[in-house]
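> Below are the sequence and a predicted model; questions follow.
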Protein chains: 2
Amino acid sequence: PPRRFPMSASRSESGANGPALGVRPYDSWCGVAHGCTRKLGMKICGFLQKNNSLDEKSRIGGSFKERQSSKNVLSCENRDPRFGHTETDFSNLFARDLLPAKNGEEPTMQFLLEVVDILTNYIRKTFDRSTKVLDFHHPHQLLEGIEGFNLELSDQPESLEQILVDCRDTLKYGVRTGHPRFFNQLSSGLDIIGLAGEWLTSTANTNMFTYEIAPVFVLMEQLTLKKMREIVGWPGGEGDGIFSPGGAISNMYSVMVARYKYYPEVKTKGMSAAPRLILFTSEHSHYSIKKAGAALGFGVENVILLKCDERGRVIPADLEAKIIDAKQKGYVPLFVNATAGSTVYGAFDPINEIADLCEKYNMWLHVDGAWGGGLLMSRKHRHKLSGIERANSVTWNPHKMMGVPLQCSAILVREKGLLQGCNQMCAGYLFQPDKQYDVTYDTGDKAIQCGRHVDIFKFWLMWKAKGTSGFEQHINKCLELSEYLYTKIKNREGYEMVFQGEPQHTNVCFWYLPPSLRGMPDCPERRERLHKVAPKIKAMMMESGTTMVGYQPQGDKVNFFRMVVSNPAATKSDIDFLIEEIERLGQDL
Amino acid sequence: PPRRFPMSASRSESGANGPALGVRPYDSWCGVAHGCTRKLGMKICGFLQKNNSLDEKSRIGGSFKERQSSKNVLSCENRDPRFGHTETDFSNLFARDLLPAKNGEEPTMQFLLEVVDILTNYIRKTFDRSTKVLDFHHPHQLLEGIEGFNLELSDQPESLEQILVDCRDTLKYGVRTGHPRFFNQLSSGLDIIGLAGEWLTSTANTNMFTYEIAPVFVLMEQLTLKKMREIVGWPGGEGDGIFSPGGAISNMYSVMVARYKYYPEVKTKGMSAAPRLILFTSEHSHYSIKKAGAALGFGVENVILLKCDERGRVIPADLEAKIIDAKQKGYVPLFVNATAGSTVYGAFDPINEIADLCEKYNMWLHVDGAWGGGLLMSRKHRHKLSGIERANSVTWNPHKMMGVPLQCSAILVREKGLLQGCNQMCAGYLFQPDKQYDVTYDTGDKAIQCGRHVDIFKFWLMWKAKGTSGFEQHINKCLELSEYLYTKIKNREGYEMVFQGEPQHTNVCFWYLPPSLRGMPDCPERRERLHKVAPKIKAMMMESGTTMVGYQPQGDKVNFFRMVVSNPAATKSDIDFLIEEIERLGQDL
């Protein structure tokens, strides 16, 4: 396999800085500081060098060496010179030289600071609009080893120099999900506080199953879940909950808990102990309800899809008709999922009307607010989830609309004790009852997991840093941006909205019609050609690396763009850019 | 609630450095460098100050100010002085001032470097044996707000100064799972390369569901899974797999896939489409098989527990008897879990004998190598998993024995296509078939999750940095250490082994008998008193913060210590320390 032998001089080329766009001149600042020494030098000595016009490579090579030789002259403090007086040569250092190795402290610190230098350079560039969102390559290209970036694992260790090069290359060929023009997913943006929280979390490297080894995180989770339940509207924030590895698992929890509430014997005896149980969710809802139905032994044909109106909101009358139909067949309607913020349209199901039916037919009401739950933080927009306080359980992913780094998803349950009852197996080696502290804080047995990643800290820290009000401002700003987009394109030539009226969430769904399709009457040929427009534009976008936005078909509607805004870095100019880009790339299709 | 108003001077007290043990004089080095400027200064200027004997507070206050006033004189490079020429005052900065804010770059870098300073200080101290493993407090104490550490969330933002204090406090009141004397869990240690990998992963902040937004990580996962399958022994590394959020979920996958293989109609029609299906696992196995049985609709009474020998290994004859018994009742034996490295005893079930029975009765063989899978990396120890190549699926958690930071767990499946067939729901908005690249790399539909955290990078990076050989050395070293412990205590006065003979894994299970219990014949009173010894010693350990080791009862055996070694920082002296500590704390019980 191809191997690169990294040298200091080559580091400027293989940097994590990503390629610059042709549109603007390359911003030299962001391409400069590779050696950790460099940036840290600027920090301590008070100089940052921005927009330096010197040639990249020659300047770096030069100043790097100069600094090495002049280092002792540049001393800021006159103290013990035993350490750090030579520039670290990572090509002769290996993982085994780092802590806990004897004398491993100094190389460890040097290595970590070098990594941080790579990461902070990446962060700077991510927020810089002259940086590409991605540098696209096909799988076979990356597998073949571009510029020596070798993904294969080997028996012998690589030097730390190579490891640092691999870190740069990994970032270089990745996708900048925090870029102001990355709109491809419901999760986007790079929150600096959340990032700091993740760095701390991984340094603490512990596990949520017991208070014993995660005392602070367990309490943070408890307090944050309570706060979320208060915001949902459950009296006193009472109830239960847990952070899970994502919205799909949170939704799976809701189905499990509902089944346990109505048919607790299923835990012991299996599904054969219950009658045929029916789950309801809309045709626009997330596929995780079907996945849960398949996994938990209900079967996907017992997950009944409900009809939606033209805006993607469930039609309550269809729910009632299907409940009655199921009952007439002798089945037992168990569970309704109301989506608060559907994935494609951003639609909010009418929770109150659904809650009325759940009460009438004695069913569990779950609200999947994975995407829309964030709107609860906004006094202006939370009315869209009106009735959520009547839910038995709620999924709410702070890693989507609230900009928390991945993964951060909560399942909230109104009735206490169900999560524990449903999942506990009382493993003696983990949940000893004879510990010296109050073991009700050992929450691990509530989970379907044993070990559980610490997802709470970054979220807790962001909440501290932004306050509830900061999240509110973020939500409001994102919705204003999508309103701006909607207003801009709804009457613009070449655009057609997928549904009429202002979107409920930040989702704006639209077709772009190249001039060649405008004026053509609706017919199979037009549909067929229109179906190919979004994929073609998207492919060109990715290849030029300028921006990313999602597309998909929905029901009988051919491929359309789904724009979403959750990135705090996005501005009106980025919305304008997206539209210009679609038109630039699509005009000749 | 109590609030602390942080000032620079107070930072040395609330640092993330943790309390020092009384045993040795406080190591002043580790308590010194709070301001990022300080350490970075040392780095760039070539001075580290270790074991400085000056009084902490006065020196910090002094030199901090001195540096501020003399900063411009200390310039290392004579460049553009627009940035960074004043010490950052975080008390007037807020999250909203960071990127993507206008002019947010400089405060962002300053803030992140300050965070890194906190983290690197924490790392230094973690590897320093004079640091406590933990500073124990009861839940109510932390909830009340120790020294102003306020866990409550508020409406208004806190300053970045407060956020930094919160970061220090979070680490201060946590547990140092990387400490050389932390033996409490199967996961321990703090691998520096893995940590760097996690920092990069959270900076990249992307999602595994598509190649589109995680091209490099998706390929790394694919190559690493293939390598793991090769090591398992499947020809050419063929097969399938995925990284999941932990061993319990990986085990759940194995049950789902087994069910799909034999009864694919369950996906559509639910468990009622299948006969009564039986899962087998040993009484020493991990409780996640029962959890999976409950969650997936089998029912825990259809999870049959198998008898073990005195070493905790399943007795194959008991399996066959129970298979025959189930068949006679008209049930269908579906699945056997063989544990490779049980949680408490570290026992390895005889895989080949179980595989023979699985072939004979046409059942799925799963090997739960969450804990023991790591031994596959050692030529010396991999024979303990002999027969694993005959398994249909394998759980293997690199975050346990291989020291990868949490979370990192793989489920490997021998037959291709089952994972996809079992879980796919073909969501059009995510897995568009008309993308420009080879969409077989979009692996998201294999998962029960939708979004999936990037768990691969840290592992891939560690593998690069250590090589297969580095993992082998680590495994061998841990097993040597546990052999050392076993040899040391097996004939030592006051110790009794829970099972005889050398442990198969690093688990060493033993009772410590205080002098008051020695010589007392076995009787209910002795058992009752012995049952309380381990919890009492553990509680004292935690309160003195010196070390941590697990205990639990097992079957009819009263509480005993379970020592495990997976921490690369542990040495024989730490094993000695543990024994001394148990004797010191337990002698008067």
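Arrived safely, thanks for sending.

> what stretches of chain A score poorly on pLDDT?
The model of chain A has pLDDT under 70 over residues A:1-86.

> One more pass at 80, please.
Applying pLDDT under 80 to chain A flags the ranges A:1-87, A:428-430.

> List the residues that contact the residue in chain A positioned nearest to chain B.
The nearest approach of chain A to chain B comes at A:Gly297, 2.4 Å away (Cβ to the nearest Cβ). Every C-beta, even on glycine, is put in place using the N, C-alpha and C of the backbone. A:Gly297 sits next to A:270-271, B:266, B:270-271, B:296-298 when contact means Cβ atoms under 8 Å, 6 or more residues apart in numbering or on different chains.

> Please, where are all the strands along the stretch 151-300 of chain A?
Secondary structure of the stretch 151-300 of chain A (DSSP state E, counting those that start in this stretch): strands at A:182-183, A:240-244, A:277-282.

> on that earlier part again, filter the contacts of A:Gly297 down to just the ones in helices.
B:Val266 (DSSP state H).

> Could I get the contacts of A:Gly297 in a markdown table, plus columns for distance to A:Pro553?
Conversion of the contacts of A:Gly297 to a markdown table gives the following (distance: Cβ to Cβ, whole Å):
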| residue | distance to A:Pro553 |
| --- | --- |
| A:Gly270 | 38 |
| A:Met271 | 34 |
| B:Val266 | 29 |
| B:Gly270 | 29 |
| B:Met271 | 33 |
| B:Leu296 | 32 |
| B:Gly297 | 33 |
| B:Phe298 | 37 |
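
> What is the nearest of the contacts of A:Gly297 to A:Phe217?
Nearest to A:Phe217 among those is B:Leu296, at 29.0 Å by Cβ to Cβ.

> need the next SSE after the longest helix anywhere in chain A, C-terminal direction.
Using DSSP H, we find that the single longest helix of chain A is helix A:456-490. Where DSSP states H and E defines the elements, the next helix or strand beyond helix A:456-490 is strand A:495-497.

> buried ones in that next one?
A:495, A:497 (16 or more other Cβ atoms under 10 Å in any protein chain shown).

> starting at the chain centroid, how far to whichever helix or strand comes after it?
Beyond strand A:495-497 on the C-terminal side, the first helix or strand identified by DSSP H and E is strand A:508-512. In terms of Cα atoms, centre = their mean, to the nearest Å, the centre of strand A:508-512 is found 23 Å from the chain centre.

> Repeat that for stretch A:286-301.
For stretch A:286-301, the distance from its own C-alpha centre to the chain's C-alpha centre is 23 Å (Cα atoms, centre = their mean).

> now swap in stretch A:95-111 and tell me
Centroid separation between stretch A:95-111 and its chain, computed with Cα atoms, centre = their mean, is 33 Å.

> Could you tell me how far the residue nearest to A:Thr547 when sequence neighbours are not counted is located from A:Met542?
Leaving aside its sequence neighbours, A:Thr547 sits nearest to A:Arg181 (Cβ to Cβ, 6 or more residues apart in numbering or on different chains; 4.1 Å). A:Arg181 is 12 Å from A:Met542, where distance means Cβ to Cβ, to the nearest Å.

> before we move on, what about A:Gly421?
In terms of Cβ to Cβ, A:Gly421 sits 48 Å off from A:Met542.

> neighbour count winner among the two?
Neighbours were counted for A:Gly421 and for A:Met542 using other Cβ atoms under 10 Å in any protein chain shown; A:Met542 has more, 21 against 16.

> The more buried one contacts B:Gln436, doesn't it?
Yes. Contact criterion Cβ atoms under 8 Å: A:Met542 and B:Gln436 qualify, at 7.0 Å.

> what's near enough to touch the spatially closest residue to A:Gly233 that is not a sequence neighbour?
In space, A:Gly233 comes closest to A:Glu389 once its chain neighbours are excluded; the distance is 3.1 Å by Cβ to Cβ, 6+ apart. The contact partners of A:Glu389, taken as Cβ under 8 Å, 6+ apart, are A:232-234.

> so can I have a markdown table of the residues you listed showing neighbour count?
Shown next, in a markdown table, are the contacts of A:Glu389 (neighbours: other Cβ atoms under 10 Å in any protein chain shown):
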| residue | neighbour count |
| --- | --- |
| A:Val232 | 22 |
| A:Gly233 | 17 |
| A:Trp234 | 21 |
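
> would CSV of those residues with distance to A:Ile456 be doable?
What follows is the contacts of A:Glu389, written out as CSV (distance: Cβ to Cβ, whole Å):
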residue, distance to A:Ile456
A:Val232, 17
A:Gly233, 22
A:Trp234, 19
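
> So which of the residues you listed sit within helices?
Using DSSP H, the contacts of A:Glu389 in helices are A:Val232.

> domain assignment for chain A?
A:8-162, A:237-420, A:464-586 (automatic domain parsing).

> Tell me which of the ones you listed sits most buried.
Most buried of the domains of chain A, by mean neighbour count (mean count of other Cβ atoms under 10 Å in any protein chain shown): domain A:237-420, with a mean of 23.

> Which of the domains of chain A sits closest to B:Met402?
Using Cβ to Cβ, the domains of chain A put domain A:8-162 closest to B:Met402, at 12.8 Å.

> any idea where the helices of the stretch 151-300 of chain A begin and end?
Per DSSP state H, counting those that start in this stretch, the stretch 151-300 of chain A carries helices over the ranges A:160-172, A:192-204, A:215-232, A:247-262, A:265-269, A:288-295.
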